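1. Provided below are the primary sequence and the corresponding predicted coordinates.
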Amino acid sequence: MARRGSRVHDEPAFVVHQHDWSESSLILDVFTRHHGRVVLVAKGAKRPTSQFRAVLLALQPLRLDWGGAPQQEVRTLKAARWAGGHVLPAGEALLAGFHLNELLLRLLPRDDPQPALFDAYAEAVRALAQGLPPAPRLRAFELLLLRAQGWLPDLGREAGTLRPLTPARRYRLVAEHGLLAHEGAGLSGAQWGALAQALAAADPWAALLTEAAEVLASAALRAELLPLLHYHSGVRRLYARELLREARRLLPASAPPLDASP
């Protein structure tokens, strides 16, 4: 990425959301490596002859050029190129990708650079396109996003007392407090400790998917993180989850189960 005056050149990015701006143009919400979430106008993007039409797709790695002062709320897209690397995720993996995008829209403020989080997002999308199990990647990204925003409590200590967790005891993650001891629900102290240790690694994304992979794949962790995501996003439901739930309802009884819920 290089900056030329008020123009940004060759910035790694993904389209997170888009909507119509006029009969021929689009407003894009993009997640970029060095500038965070940025809003761009793609003038003429809906015209049949526009070079943008085949490029501005969600969950595809892009390189973008845009112009406009940093303090402008909406800047102007100048060029967009597909960076290559993988095809568009399909089926359940596509819904999982939409879940990632919804998290970014609801939880990540604009113009807040998060290079490490961008790299984790890119790894998650690549894994979805390769057909790898979505659930561990979604949970890992949720943990990293919550931590990046300062909303993830210390996963190695009990809230209030600040005592180290007892490995065999179970704890619930409470949004306004942190980890609280609970009988029969939540995760064990050992499981929370594995997550805390992985998050403290030099490469937390890789550490989570190797050292804490079993915890990430558990439905129990999903149940612990979902209320925290709802609490900080200000919504009671995430729509990508609703789409997957509806897809499950419409499947015939003989169809294979959809196990990797967002």
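-> That came through, no problem. Since the structure is predicted, the reported quantities are computational estimates derived from the model, not experimental observations.
2. where does the stretch 51-200 of the chain have low pLDDT?
-> 70 (pLDDT under 70).
3. how about the strands in it?
-> 62-67, 75-82, 170-174, 178-181, 187-188 (DSSP state E, counting those that start in this stretch).
4. any chance of those strands in JSON lines, with distance to residue 100 and mean neighbour count too?
-> Quick note: C-beta positions are derived from backbone N, CA and C, even for glycine. Converted to JSON lines, these look like this (distance: least, C-beta to C-beta, whole Å; neighbours: other C-beta atoms under 10 Å):
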{"stretch": "strand 62-67", "distance to residue 100": "16", "mean neighbour count": "20"}
{"stretch": "strand 75-82", "distance to residue 100": "19", "mean neighbour count": "17"}
{"stretch": "strand 170-174", "distance to residue 100": "20", "mean neighbour count": "20"}
{"stretch": "strand 178-181", "distance to residue 100": "25", "mean neighbour count": "18"}
{"stretch": "strand 187-188", "distance to residue 100": "23", "mean neighbour count": "20"}
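5. tell me which of those strands sits nearest to residue 54.
-> Nearest of the strands of the stretch 51-200 of the chain to residue 54, taken as C-beta to C-beta: strand 75-82 at 8.2 Å.
6. can you list contacts of that closest one?
-> With contact meaning C-beta atoms under 8 Å, 6 or more residues apart in numbering, strand 75-82 is reached by 7, 28, 38-43, 45, 51-52, 55-56, 60-69.
7. got the angle for that strand vs strand 62-67?
-> Note on geometry: by axes from the mean of the first three to the mean of the last three C-alpha atoms, to 10 degrees, strand 75-82 and strand 62-67 are set 150 degrees apart in direction.
8. please, where are all the helices along the stretch 101-250 of the chain?
-> 115-129, 134-148, 189-199, 204-211, 213-216, 219-233, 239-250 (DSSP state H, counting those that start in this stretch).
9. could you say what helices and strands the shortest one packs with?
-> When you say that, I think you mean helix 213-216. Secondary-structure packing of helix 213-216 (3 or more C-beta pairs under 8 Å, 6 or more residues apart in numbering; DSSP states H and E): helix 134-148, helix 189-199.
10. before we move on, what about the third one?
-> If you count contacts as 3+ C-beta pairs under 8 Å, 6+ apart, helix 189-199 packs onto helix 134-148, strand 170-174, helix 204-211, helix 213-216.
11. same check, this time on the first one
-> On a contact count with 3+ C-beta pairs under 8 Å, 6+ apart, helix 115-129 meets strand 7-20, strand 26-32, helix 92-107, helix 134-148, helix 204-211.
12. in the first one, what's buried?
-> The neighbour-count criterion (16 or more other C-beta atoms under 10 Å) identifies 8, 11-18 as the buried residues of strand 7-20.
13. what pairs with the nearest residue to residue 67 once chain neighbours are set aside across the strands?
-> Distances taken as C-beta to C-beta, 6 or more residues apart in numbering put residue 7 closest to residue 67, at 4.5 Å, once the chain neighbours are dropped. As for beta bridges, residue 7 partners with residue 4, residue 67 under DSSP bridges.
14. sorry, back to before: out of the helices of the stretch 101-250 of the chain, which one sits most buried?
-> helix 134-148 (a mean of 22; mean count of other C-beta atoms under 10 Å).
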